[in-house]
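S.K.: A predicted structure for the sequence below; I have some questions about it.
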Amino acid sequence: MSAAREYGLDDDYEWARPPDGGWIADDLDHLPNLPSHTELIDGSLVFRRPQNVFHLRTVRLLEYAILHQTPEQLEALAGMTVELDRRNRPDPDVIVVQTEANTGPHQTWYKPEDIVLAVEVVSDDTVERDREVKPRKYAQAGVTHFWRAEENEDLPVVYAYELDPATRGYALVGIFRKALKVDLPFPIEIDLTAINRRPSRRAD
């Protein structure tokens, strides 16, 4: 039988207590000692478990491939939050943003109208959020394009969606295995079997 784990919290330690009505988006920049990639969903803090190799490599593959194909006025970023509203500030795995939305090196979030594409890579602990909760919130906030990547036989499968402005919901554009090719939000081609390869160096 294993011994109980000791975390070293003394009697004076107090867990963060949400104010009446829950946390708000600005709190993420000021609460001390938050784990990296903490999200705010409906006024509640959501912490991310350590990610597995598949998740990390898929995020890297998509970020690098998208970045190398973005038009000059766009940029792909991983690990940046989006302030959808006062009570929701999710942390998509990859986003494509308008470069004119950059405010400087200390920027920590973007507005939904700055986002051209949001990408979520599903993990065991994020299935419901990535399939249902976050896509619904991105759509309601007006994010035009959304991708969800899931593992199948050790390779990513990408589900691509486009916003239907009449319903404020996403319509499925395509399901991509082994290779992804779309024309919107701009022409992108990605070899999804390259997940385990080192990204190639590009000569400028």
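M.R.: Thanks, I have it. Residues are numbered from 1 along each chain as shown.

S.K.: Where is the longest helix in the chain?
M.R.: Counting by DSSP state H, the longest helix found in the chain is helix 53-67.

S.K.: Would you indicate which residues of it are buried?
M.R.: Phe54, His55, Arg57, Thr58, Val59, Leu61, Leu62, Glu63, Tyr64, Ala65, Ile66 (16 or more other Cβ atoms under 10 Å). All C-beta atoms are positioned from the backbone trio N, CA, C, and that covers glycine.

S.K.: Any chance of those residues in TSV with pLDDT and distance to Asn152 as columns?
M.R.: TSV is the format used below for the buried residues of helix 53-67 (pLDDT from 0 to 100; distance: Cβ to Cβ, whole Å):
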residue	pLDDT	distance to Asn152
Phe54	96	11
His55	96	14
Arg57	96	14
Thr58	97	12
Val59	97	17
Leu61	97	15
Leu62	97	15
Glu63	97	20
Tyr64	96	21
Ala65	96	18
Ile66	97	20
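
S.K.: what comes into contact with the lowest-mean-pLDDT helix or strand in the chain?
M.R.: Every helix and strand in the chain was compared by mean pLDDT, DSSP states H and E; the lowest is strand 44-46, with a mean of 92. Outside strand 44-46, the residues that touch it by Cβ atoms under 8 Å, 6 or more residues apart in numbering are Ala16, Pro18, Gly22, Trp23, Leu31, Leu34, Thr38, Glu39, Leu40, Arg129.

S.K.: now do stretch 141-154
M.R.: Against stretch 141-154 from outside (Cβ under 8 Å, 6+ apart): 54, 58, 62, 82, 84-85, 93, 112-113, 115-122, 130-131, 135, 138-139, 156-163, 168, 170, 177, 184-185, 195.
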